[in-house]
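Enquirer: have a look at this prediction, sequence included:
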Amino acid sequence: MDVTQLRYFQAIAQEGSISAAARVLRVSQPSLTVAVQNLEQELKTTLLLRDRRGVTLTETGRLLLDTAAEVFGRLAEVEAQILGLEGGDQGRFVLGCHESLGSYFLPQLMAEVLSHTPGIELVLWNGSSADVREAVLSRAVHFGVVVNPVPHPDLVLIELFQDAVDIFVAASEPSLSSLEEARARLAKGPLIFAGRVAQMQSLVERLERDEALPARLLECGDLELVKSLALAGVGVALLPRRVAAYGQEGRLRRLHPELPHVDDTIHLVFRGDLHRTRAALKVKDLILEHGSRLAQGTKSIQ
């Protein structure tokens with residue numbers, strides 16, 4: 001059924017005659033007549049009874065008129081929603097990041113989105129940085145906050161801030177001023193790390209090459225568990241500096257600034273063909289602004 005034909009039929013029924021509908025629509029009477037005839041042929045029914053006074057609706061004509069009102073009402077609603085998505089702060093977006101990264105990155109960002117843009121729904125998706133990158137590529141995730149992403153021709157990568165995987169101990173342990181003392185403490189172990197994280201493996205391999213890897217290793221699957229064990233004084237931990245700092249300010253400290261570490265760069269990642277509605281651009285800008293604030297606070301965690 002053609003929407004234009006349906007609109008012509010609605011106008012004829014509401015105005016009471018083809019000539020009156022033609023004046024309102026600014027369409028020729030023959031065009032309206034043909035439109036109604038085509039509808040009647042398609043639906044295999046008579047919709048209008050014509051006489052010298054105008055038109056009268058049949059039973060099927062009344063049903064179609066009621067349905068037309070519903071159809072055009074729904075189309076108007078959809079049009080308003082589309083205009084809101086394109087030009088207003090409305091939309092639903094999926095933001096992906098690793099749980100540990102999200103623990104310090106997301107709280108303030110989510111608070112800003114909820115307070116300043118109530119029409120935007122932000123859904124969270126958790127996984128490793130590699131998983132988040134793949135989810136963005138597959139369009140399961142709109143925006144990803146990713147550590148050291150591998151470039152891809154379909155992706156836009158924007159640097160947010162710097163971090164580093166470093167060696168930490170509980171602040172309650174005695175301070176060590178010399179590198180030799182720090183190496184001795186590291187050798188004592190145990191070394192606690194999340195083995196599934198690539199940067200951790202890289203640092204472990206570097207310590208092994210430098211003959212500084214402790215004999216006792218305690219491999220975990222999660223950075224939060226690594227952090228909890230380090231806070232309890234169980235051993236020496238490999239952690240991103242920002243993960244070590246958030247929520248536990250001053251309770252963990254770097255073992256020594258001259259010991260090896262692995263630099264990290266956190267990026268905002270999204271597809272180059274992302275549908276750039278006003279709301280999508282708003283979410284992107286909020287993430288960039290939040291990342292900029294974190295970048296300004298980098299020195300405090302080094």
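Expert: Everything's here; your move.

Enquirer: separation between S115 and L49?
Expert: As judged by Cβ to Cβ, to the nearest Å, S115 and L49 stand 60 Å apart. To be clear about C-beta, it is placed using only N, CA and C from the backbone, and glycine gets the same treatment.

Enquirer: list the strands paired with the lengthiest strand in the chain, with their directions.
Expert: Ordering each strand of the chain by length in residues (DSSP state E) puts strand 155-170 first. Strand pairing for strand 155-170, using DSSP bridges, gives strand 236-240 (antiparallel), strand 252-254 (antiparallel), strand 262-271 (antiparallel).

Enquirer: turn those into JSON lines, columns for mean pLDDT.
Expert: Listed next are the strands paired with strand 155-170 as JSON lines, based on pLDDT from 0 to 100:
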{"stretch": "strand 236-240", "mean pLDDT": "95"}
{"stretch": "strand 252-254", "mean pLDDT": "93"}
{"stretch": "strand 262-271", "mean pLDDT": "94"}
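
Enquirer: the one helix or strand L63 maps to: what's the following helix or strand?
Expert: For L63, the host element (DSSP states H and E) is helix 59-87. Moving toward the C-terminus from helix 59-87, the next helix or strand (DSSP H and E) is strand 91-97.

Enquirer: name the residues that touch that next one?
Expert: 85, 105-106, 119-127, 129, 131-132, 135-136, 140-146, 277, 279-280, 283, 287 (Cβ atoms under 8 Å, 6 or more residues apart in numbering).

Enquirer: mind doing that once more with 7 Å?
Expert: 85, 105, 120-125, 127, 132, 135-136, 140-145, 277, 279-280, 283 (Cβ atoms under 7 Å, 6 or more residues apart in numbering).

Enquirer: quick one: buried residues of the following helix or strand past that strand?
Expert: Downstream of strand 91-97, the first helix or strand assigned by DSSP H and E is helix 99-116. Residues 100-106, 109-110, 113 are the ones in helix 99-116 that count as buried (16 or more other Cβ atoms under 10 Å).

Enquirer: could I get those residues as CSV with pLDDT?
Expert: Below are the buried residues of helix 99-116 laid out as CSV (pLDDT from 0 to 100):
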residue, pLDDT
S100, 84
L101, 88
G102, 90
S103, 87
Y104, 88
F105, 91
L106, 92
L109, 92
M110, 92
V113, 87
